[in-house]
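1. okay, sequence plus prediction incoming.
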There are 2 protein chains.
Amino acid sequence: MPKSEPPSKPYHHGDLRAALLRNAVEAITELGVAETSVREVARRTGVTHAAAAYHFGDRGGLLTAVATEGYRKLGAALTAAQASTENFLEVGVAYVAFSIDHPAHFDVMYQPGLYHHDDPDLLAAKADTATLLYGSREADDRQVALGVAAWSLVHGLATLWRNENLPAQLGDDPLEITRLVAHHLRVDPRD
Amino acid sequence: MPKSEPPSKPYHHGDLRAALLRNAVEAITELGVAETSVREVARRTGVTHAAAAYHFGDRGGLLTAVATEGYRKLGAALTAAQASTENFLEVGVAYVAFSIDHPAHFDVMYQPGLYHHDDPDLLAAKADTATLLYGSREADDRQVALGVAAWSLVHGLATLWRNENLPAQLGDDPLEITRLVAHHLRVDPRD
DNA sequence: AGCCTGTCTTTCCGATGGAAAGATTCCGCT
DNA sequence: AGCGGAATCTTTCCATCGGAAAGACAGGCT
């Protein structure tokens, strides 16, 4: 018997879908989203652009897959951070770290105009991550507001950093800047 | 004598550059940046796409103009807000208001991959706005960190709102949400 | 063996961004 | 006046892109 490959090797290529996705992320990292074409991704994978269309439908479908993978990776990173420390702040640092470690995913995720924002898988992954970020639906408004404040802060910081909109005065280590800036977050509003 | 038109009507069209810019913003507002082509903008203006190329060089040049105008409008809005209230928080609200009143500008501004991020005019407008946001270069680190915290918070909030990444629990008025969330910003760190 | 579904290629189309060259209008200079 | 050149816009052309449609091909099922 042929020892069954890990997830069972499908048809011709092996796992074209995964390969295309990987090369898409690679291309976006190198060229940026705007400059990354379906054909370029297909070229890197050694296939025709129609092969990509078969697996993802259209360009939006390909980017939807990237965004979905991004939300999953983000969720995993945040979960890991929460598990490794009891410091609330370090989860925010992990968020910024994600934006730097996975710039392609991050860019695509926050440009819904590029993908199918109503894709079921995408929505599920997004919802999971959202729950991680500002607690479950049971939390009271104040708790949610704090979560949103924290998420907004690190998200804004991450995007502004990527766009070089931050003053050089605070140094060049985004993670340190995050710790510095997050200090201004008040965790216990008493009004 | 023909009463001199406002800023003096130049050559053929009148003021093609301004008209193209206006229609570009309009198109982006309606279709999104990704779906807005140079040709579409030219079409709306009643001109060939090459005419747009003459004034802006390429697509990136057109979007550079949009981003530059965006930074100028943002600067004006923030200045006006600072003048009309002594409440620091309301300036942040004005920032979010800008992102809602001028979605096209806002979108383009924070996607440097789409335009010429080293354009002199762009850089100048961006620097002016930056000065408005976290004070002049003379401020001490703590002051700057607070400015960055505040800007990050409202910027993150604005983008997350636009992408529908905020929990519905806090209502549907982004300005009110801003006030609610900004409460969690500590203005006087004493450590 | 023979069909059938899943996978990928070939081919074609309209639209796009950009380059190049031509036409037209205006403006300064004499 | 009018002439020449610069500014403005159009025409034309090309490579590339996203997408649709139909064909080729492989592996599994009966």
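-> Looks like it arrived, so ask away. Numbers count the residues shown, from 1 in each chain, chains lettered A, B, ... in the order given.
2. now the helices for chain A?
-> Assigned by DSSP state H, the helices in chain A fall at A:16-31, A:38-45, A:49-56, A:59-84, A:88-101, A:103-109, A:120-134, A:141-162, A:174-182.
3. contacts for the first one?
-> Yep, that's helix A:16-31 we're talking about. With contact meaning CB atoms under 8 Å, 6 or more residues apart in numbering or on different chains, helix A:16-31 is reached by A:13, A:36, A:40-42, A:44-45, A:47, A:51-52, A:55-56, A:62-63, A:65-66, A:69, A:103-105, A:107-108. Every residue, glycine included, has its C-beta placed from N, CA and C.
4. if we can go back for a sec, out of the helices of chain A, nearest to B:A158?
-> The closest approach between B:A158 and any of the helices of chain A, judged by CB to CB, belongs to helix A:141-162 at 8.1 Å.
5. redo the helices of chain A as JSON lines? Include mean pLDDT, distance to DNA strand D and mean neighbour count.
-> Putting the helices of chain A into JSON lines (pLDDT from 0 to 100; distance: least, CB to the nearest atom of the strand, whole Å; neighbours: other CB atoms under 10 Å in any protein chain shown) gives the following:
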{"stretch": "helix A:16-31", "mean pLDDT": "97", "distance to DNA strand D": "10", "mean neighbour count": "18"}
{"stretch": "helix A:38-45", "mean pLDDT": "98", "distance to DNA strand D": "4", "mean neighbour count": "18"}
{"stretch": "helix A:49-56", "mean pLDDT": "98", "distance to DNA strand D": "4", "mean neighbour count": "17"}
{"stretch": "helix A:59-84", "mean pLDDT": "97", "distance to DNA strand D": "3", "mean neighbour count": "19"}
{"stretch": "helix A:88-101", "mean pLDDT": "96", "distance to DNA strand D": "24", "mean neighbour count": "19"}
{"stretch": "helix A:103-109", "mean pLDDT": "98", "distance to DNA strand D": "13", "mean neighbour count": "23"}
{"stretch": "helix A:120-134", "mean pLDDT": "93", "distance to DNA strand D": "17", "mean neighbour count": "17"}
{"stretch": "helix A:141-162", "mean pLDDT": "94", "distance to DNA strand D": "22", "mean neighbour count": "22"}
{"stretch": "helix A:174-182", "mean pLDDT": "96", "distance to DNA strand D": "30", "mean neighbour count": "19"}
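6. look up how far chain B lies from A:H105.
-> Per CB to the nearest CB, to the nearest Å, A:H105 is found 14 Å from chain B.
7. looking at it, that residue is touching A:A65, isn't it?
-> No: if you go by CB atoms under 8 Å, A:H105 and A:A65 don't touch, sitting 10.6 Å apart.
8. of the helices of chain A, which is nearest B:T85?
-> Smallest distance to B:T85 across those (CB to CB): 21.2 Å, for helix A:141-162.
9. show me chain A divided up by domain.
-> Chain A resolves into domains spanning A:13-57, A:59-182 when parsed by automatic domain parsing.
10. can you name the residues in contact with stretch A:91-98?
-> For stretch A:91-98, contacts defined as CB under 8 Å, 6+ apart pick out A:73-74, A:77-78, A:80-82, A:85, A:106, A:150-151, A:153-155, A:157-158, A:161, A:174-175, A:178-179, A:182.
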